[in-house]
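In: What would the 3D arrangement of this be:
(chains A, B, C and D)
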Protein chains: 2
Amino acid sequence: MAAPQSGDGTVGKALEVLDQVAAFGRPVRFSELLTGSKYPKATLYRFVQTLTSQGMLSFDPERQTYAPGIRLVRLAHAAWQQSSLAPVARPFIEALSSQVGETVHLAQLDHGQVLYVDKRNAVEPIEMYSQAGKVGPAYCTGVGKAMLAYLDEPALSRVLAQQSFHAFTPNTLNTEQKLRTELGEIRQRGFAYDREEHEPGIICVAVPILTESGRVLGALSVTTSTSRKTLDALEAHVPAAQQAADNIAREAQSWRFPDQTSKPEKIGMA
Amino acid sequence: MAAPQSGDGTVGKALEVLDQVAAFGRPVRFSELLTGSKYPKATLYRFVQTLTSQGMLSFDPERQTYAPGIRLVRLAHAAWQQSSLAPVARPFIEALSSQVGETVHLAQLDHGQVLYVDKRNAVEPIEMYSQAGKVGPAYCTGVGKAMLAYLDEPALSRVLAQQSFHAFTPNTLNTEQKLRTELGEIRQRGFAYDREEHEPGIICVAVPILTESGRVLGALSVTTSTSRKTLDALEAHVPAAQQAADNIAREAQSWRFPDQTSKPEKIGMA
DNA sequence: AACCGAGTTCCGAATAATGGAACTCAATAC
DNA sequence: GTATTGAGTTCCATTATTCGGAACTCGGTT
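Out: Next comes the predicted model:
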């Protein structure tokens, strides 16, 4: 009992294979997948066949390689629109970015990792998937820590178990203990710093986006480099960021289901 | 081979459910899914549970609704980068767009539909997933017809069987017969027109992107509105579009497997 | 208190997944 | 010209999962 780590049933296994292909970051041969797969040849083969016939993988017959399929792009369009904060948050992020003159990131938690769902760069024109969909570590980024700080204990320990605690820089909080202490401070302070904990020279302040009931929806950060600003100077933008986060949370809640009798189920205080 | 509509095994069924959720275009309750699902309650329930626990669906506990999950966004990032033409094609598309001063679309075929994987708008700044991931009909768009014209017969008839042939406008080719005739003309001519067949007032010329062996990779179109240009005037841009398509095809072939050589990937997110 | 319907759990029967082994078919070696 | 190798593919009896009808739980309504 208690499945080791992978998920539920056949579907979970198939998706695991899909992740493996995606993790390669390039088209991959069957044999490459096989070495490094927990499944025997025939089984892996069936999974790959199924996924390909479903369009979740694409097969290049000329090079005999597999890659994540375009069906995913179509599905992700729906996911991004509905399940991510991005469509709701975009106007606020743009306003915030131009107000503070720095890059703003919008992120959510996925599988214990930080997933960037939108980005507004102050200087250069916006790019595409190149950032939306990108992932980063949760334990050493501003947005990651801001979200972790507001998880409840069962969820938090689940996520912490998935962190690598690799020390990217001398400032990285590389143990669960150090991180937990920091998370407490973040809760008290209301926002998180990134003091060059992930990349040297990159600093940010980040605030969580929370529902009224305190559930973590995501986080946003104002990012810059040490060559442009100090952390103290960045901190001046925290109120604006918190304002934006509040607006996004409110929009996200009142939105969804324009139909029906929207019940004014207000709890808490005004 | 030739599975009627549903797919292979348990995984296929689960993905079918995923599609159903995505098709709603908004967060959806379990009971809504149930009416309109071919599966009995208990079975559907298990699928939804599995998909949710896998992050392919997200569940909003406050509203008791399901939506496509953010794990899809992460997977799609990989798909877009590897499996789509977009990363390779982008510079050529930008060049083409600014050269001709019109909107350029890049599309691929997915499940018999046109899937737009990139877009370069000549006038306003670029948006995001809002277009990448969007789908359209194959039988009445320029890019769709350009791709269909170069499919081999088995693939073509498979795709044609999936078309609705709904008449969006008076100009829509709304039978397989009419379409097949048109496809022949496209093959002879080398490019496709859209004569307001999908949206009134919208016209385009489209060229296929083909491998040396003639396999269809995708298509690109130069689009405008009847208020700006006539079809004849648009036709002047066909050579430039064909040039771009050739360049993209060549790049796409020689690319793949930069092999070994470590990745000098630029990062920068905090 | 009885009812209702959405959501959830149960469990024996039915079905689909499993994986060792054998096969195909190139490319390379002898 | 034949043997060898290994990636990719198929087979099939065994085994583990999925299936789904029915029963249950739990708010809210009559």
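In: if you skip the residues just before and after it, what's nearest to A:Tyr139?
Out: A:Gln163 (4.4 Å; Cβ to Cβ, 6 or more residues apart in numbering or on different chains). (Each C-beta comes from the backbone N, C-alpha and C, glycine too.)
In: For that neighbour, give me its contacts.
Out: Counting by Cβ atoms under 8 Å, 6 or more residues apart in numbering or on different chains, A:Gln163 touches A:112, A:137-139, A:176, A:179.
In: can you pick the most crowded of those residues?
Out: A:Tyr139 (28 neighbours; other Cβ atoms under 10 Å in any protein chain shown).
In: buried stuff in stretch A:219-230?
Out: Within stretch A:219-230, the residues scored as buried using 16 or more other Cβ atoms under 10 Å in any protein chain shown are A:219-225, A:229.
In: out of these, which one sits closest to DNA strand D?
Out: Relative to DNA strand D, the closest of those is A:Ala219; by Cβ to the nearest atom of the strand it sits at 31.5 Å.
In: got a list of what A:Glu196 touches?
Out: A:Glu196 neighbours (Cβ under 8 Å, 6+ apart): A:169, A:171, A:202-203, A:226.
In: Compute the distance between the closest residue to it other than its chain neighbours and A:Arg195, please.
Out: Once flanking residues are discounted, A:Glu196 sits nearest to A:Asn171: 5.1 Å by Cβ to Cβ, 6+ apart. Distance check for A:Asn171 against A:Arg195: by Cβ to Cβ, to the nearest Å, it reads 5 Å.
In: go on, A:Leu85?
Out: Note on A:Leu85: its distance to A:Arg195, by Cβ to Cβ, is 26 Å.
In: In terms of neighbours, single out the busier of these two.
Out: Each of A:Leu85 and A:Arg195 has its neighbours counted (other Cβ under 10 Å); A:Leu85 has more, 25 against 17.
In: For that one, which residues are in contact?
Out: For A:Leu85, the contact set (Cβ under 8 Å, 6+ apart) comprises A:106, A:108, A:117-118, A:209, A:217-218, A:248, A:252.
In: Show me these that map onto strands.
Out: Of the contacts of A:Leu85, the ones assigned to strands by DSSP state E are A:106, A:108, A:117-118, A:209, A:217-218.
In: how close does A:Ala167 get to DNA strand C?
Out: Applying Cβ to the nearest atom of the strand, to the nearest Å, the value for A:Ala167 to DNA strand C is 38 Å.
In: How confident was the prediction at the spatially closest residue to that residue that is not a sequence neighbour?
Out: Distances taken as Cβ to Cβ, 6+ apart put A:Asn174 closest to A:Ala167, at 4.4 Å, once the chain neighbours are dropped. Reported pLDDT at A:Asn174 in the predicted model: 94.
In: do the one 10 residues further on as well
Out: Reported pLDDT at A:Gly184 in the predicted model: 96.
In: Look up the closest residue to it, ignoring the ones flanking it.
Out: The shortest distance from A:Gly184 to any residue other than its chain neighbours is 7.9 Å, reached at A:Ala149 (Cβ to Cβ, 6+ apart).
In: So that neighbour is in contact with A:Gln188, correct?
Out: No - in this structure, A:Ala149 is not within contact of A:Gln188 by Cβ atoms under 8 Å, at 9.4 Å.
In: Please identify which of the two sits among more neighbours.
Out: A:Ala149 (25 against 8).
In: Could you measure from the more buried one over to DNA strand D?
Out: 30 Å.
In: Contact distance from DNA strand D - what residues of the stretch 51-200 of chain A qualify?
Out: A:Gln64 (Cβ under 7 Å from any atom of the strand).
In: Tell me the buried residues in the host helix or strand of A:Ala241?
Out: Element membership of A:Ala241 [criterion: DSSP states H and E] is helix A:238-254. Buried residues in helix A:238-254, counted by 16+ other Cβ under 10 Å: A:238, A:241-242, A:244-245, A:247-249, A:251-252.
In: Looking at these, spot the one nearest DNA strand C.
Out: A:Ala252 (20.3 Å).
In: just checking, the closest one touches A:Ala86?
Out: No - the criterion here is Cβ under 8 Å, and A:Ala252 misses it with A:Ala86 at 10.6 Å.
In: Check A:Gln81 and give its pLDDT.
Out: On pLDDT, A:Gln81 comes in at 83.
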